[in-house]
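[1] I'd like to go over a predicted model; first the sequence, then the structure.
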Amino acid sequence: MKCRTIIYINPDDPRVFVYKHDKYKWLGVTFNFARGRSYVALMLILLPVLLWPLVLILDSQTLPTALPVITFLLLYFVWICLYCFRGAAKDLARYPGPLSKR
């Protein structure tokens with residue numbers, strides 16, 4: 001099964017994280033938006049991005065140096081990648097085989 005769309009909605013698929021390509025798993029992961037847990041995961045991923053302007057407004061007097069901000073963003077990006085790819089691997093192990101057999 002190849003997921004060629006950005007938004008993947010399949011109520012018959014029990015997985016939350018779906019690889020975009022079966023053979024080339026490094027191409028990416030998407031969410032199955034037919035599952036409620038995917039919305040929670042998406043909000044957790046977007047939360048720091050949504051709260052960043054609030055931090056800048058509250059801390060406008062003493063802005064942090066660029067190094068801690070860049071370090072935080074880099075570590076956060078790595079965490080997002082690990083979270084999504086591990087979730088996809090766990091979901092694939094939990095529900096193996098073609099979609100018709102799940």
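    It's in. Here the structure is a predicted model, which is why all the values come from computation and not from measurement.
[2] what ranges does the chain have for its strands?
    17-19, 29-31 (DSSP state E).
[3] what about the closest residue to P14 other than its chain neighbours, distance to T71?
    Beyond its immediate neighbours in the sequence, the residue positioned closest to P14 (Cβ to Cβ, 6 or more residues apart in numbering) is Y95, lying 5.3 Å away. All C-beta atoms are positioned from the backbone trio N, CA, C, and that covers glycine. Per Cβ to Cβ, to the nearest Å, Y95 is found 37 Å from T71.
[4] check M43 too.
    24 Å.
[5] show me where pLDDT drops low in this protein?
    In the predicted model of the chain, residues 1-5, 54-67, 69-70, 97-102 satisfy pLDDT under 70.
[6] what residue lies at the spatial centre of it?
    Within the chain, the residue whose C-alpha comes closest to the C-alpha centroid is C84; the distance, by Cα atoms, centre = their mean, is 4.6 Å.
[7] I'd say it and Y19 touch.
    No. At 9.9 Å, C84 does not count as touching Y19 under the criterion of Cβ atoms under 8 Å.
[8] which neighbours do those two have in common?
    Here C84 and Y19 share the contacting residues V29, scored by Cβ atoms under 8 Å, 6 or more residues apart in numbering.
[9] so what's the residue count around the closest residue to I80 other than its chain neighbours?
    Excluding its sequence neighbours, the residue lying closest to I80 (Cβ to Cβ, 6+ apart) is I45, at 5.5 Å. I45 has 15 neighbours, counted by other Cβ atoms under 10 Å.
[10] cool, and K90?
    The local packing count at K90 equals 13, with neighbours defined by other Cβ under 10 Å.
[11] what comes up buried for stretch 13-21?
    Across stretch 13-21, burial judged by 16 or more other Cβ atoms under 10 Å covers D13, R15, V16, F17, V18, Y19, K20.
[12] wait, which of these is closest to I7?
    Sorting the buried residues of stretch 13-21 by distance to I7 puts V18 at the head of the list, at 11.2 Å, by Cβ to Cβ.
[13] no further questions, thank you.
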